[in-house]
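K.L.:
Return a 3D structure for these sequence lines:
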Amino acid sequence: MTAAGLQRPGPRAVASRPRRPQDLPGLRLVRLHLASRRVPGALAALALCGLVLRAALYWHWSLGSGNGAQSLALVMEAGAASVIAVTAQSPFGDPERATGRWLPYLRLGTAVGLTAAAFGALAAGAAAEHLPGGILDILRNTAGLAGIGLLLAAVTGGALAWAGPVMYMIVAQFALIGDWPSPWMWPARPPHDLGGALCAGLVFAAGLVVATVRGARAFREV
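P.N.:
Okay, here's the model as predicted:
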């Protein structure tokens with residue numbers, strides 16, 4: 001008895017399933033990167049910073065200084081920058097660095113996108129109330145503080161990077177009270193001050209470069 005007379009079944013027609021947008025490799029990579037950086041939670045925290053700033057300006061909360069509104073805005077800007085700094089940390093460490101050439105671009109896009117979201121949330125929170133310095137002050141302070149957080153993330157890791165914006169904010173509060181002339185204390189400078197804007201811009205640019213090329217420091221468990 002032979003199998004010569006048996007016929008092989010013909011190939012079945014495989015129904016092609018339409019590809020969803022989230023199944024595309026590029027979009028899937030972006031989605032996974034944003035999830036690893038906890039971006040949805042970060043956006044919620046940034047929105048909360050904007051709401052707290054709105055409430056603080058509406059009910060005229062004060063920190064006991066002559067520039068109460070400006071001091072409160074600086075606290076919220078430091079909080080937003082701390083959120084951005086913490087998201088620089090990846091839970092995957094070295095394995096993530098081996099995933100391909102797109103990682104630096106994903107880091108850059110995440111940092112810029114979250115900084116823009118922080119500025120938008122804080123600007124919306126201050127839109128209905130009079131804030132000394134206005135939108136330019138928020139933009140300068142938020143960008144500079146975010147740069148400090150990104151720089152510290154490369155040294156200490158994202159889990160501790162929030163300390164950079166917070167420590168700078170404390171020193172800047174004294175600069176606001178004492179009207180320090182140094183452009184490196186840009187929160188105490190007028191919104192159109194060129195020196196303060198350049199210093200904040202340089203710090204933000206340096207933070208973006210370090211975050212793009214190196215990322216946050218990853219500590220190995222012993």
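
K.L.:
For the rest of this, base every contact and every neighbour count on C-alpha atoms.
P.N.:
OK.

K.L.:
Now do the helices in the protein.
P.N.:
25-36, 39-58, 68-86, 94-97, 103-126, 134-156, 163-178, 194-213 (DSSP state H).

K.L.:
show me the contacts for the spatially most central residue of the chain.
P.N.:
When C-alpha atoms, centre = their mean is applied to the chain, the residue found nearest the centroid is Ile84 (2.8 Å). Contact analysis of Ile84 by C-alpha atoms under 8 Å, 6 or more residues apart in numbering lists Ala42, Ala111, Leu114, Thr115, Ala146, Gly149, Leu150.

K.L.:
Tell me the most packed of those, by neighbour count.
P.N.:
Leu150 (37 neighbours; other C-alpha atoms under 10 Å).

K.L.:
By mean pLDDT, flag the weakest helix or strand of this protein.
P.N.:
helix 94-97 (a mean of 51; mean pLDDT, DSSP states H and E).

K.L.:
So, low pLDDT: which residues of this structure?
P.N.:
1-26, 61-67, 90-100, 218-222 (pLDDT under 70).

K.L.:
who's in contact with stretch 160-176?
P.N.:
For stretch 160-176, contacts defined as C-alpha under 8 Å, 6+ apart pick out 67, 71, 74-75, 78-79, 81-83, 85-86, 145-146, 148-150, 152-153, 185, 187-188.

K.L.:
What's the ChimeraX line that selects buried ones from the residues you listed?
P.N.:
Selection of buried members from these for ChimeraX, criterion 16 or more other C-alpha atoms under 10 Å:
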select :71,74,75,78,79,81,82,83,85,86,145,146,148,149,150,152,153,185,187,188
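
K.L.:
Report the contact partners of Thr156.
P.N.:
Ala216, Arg217.
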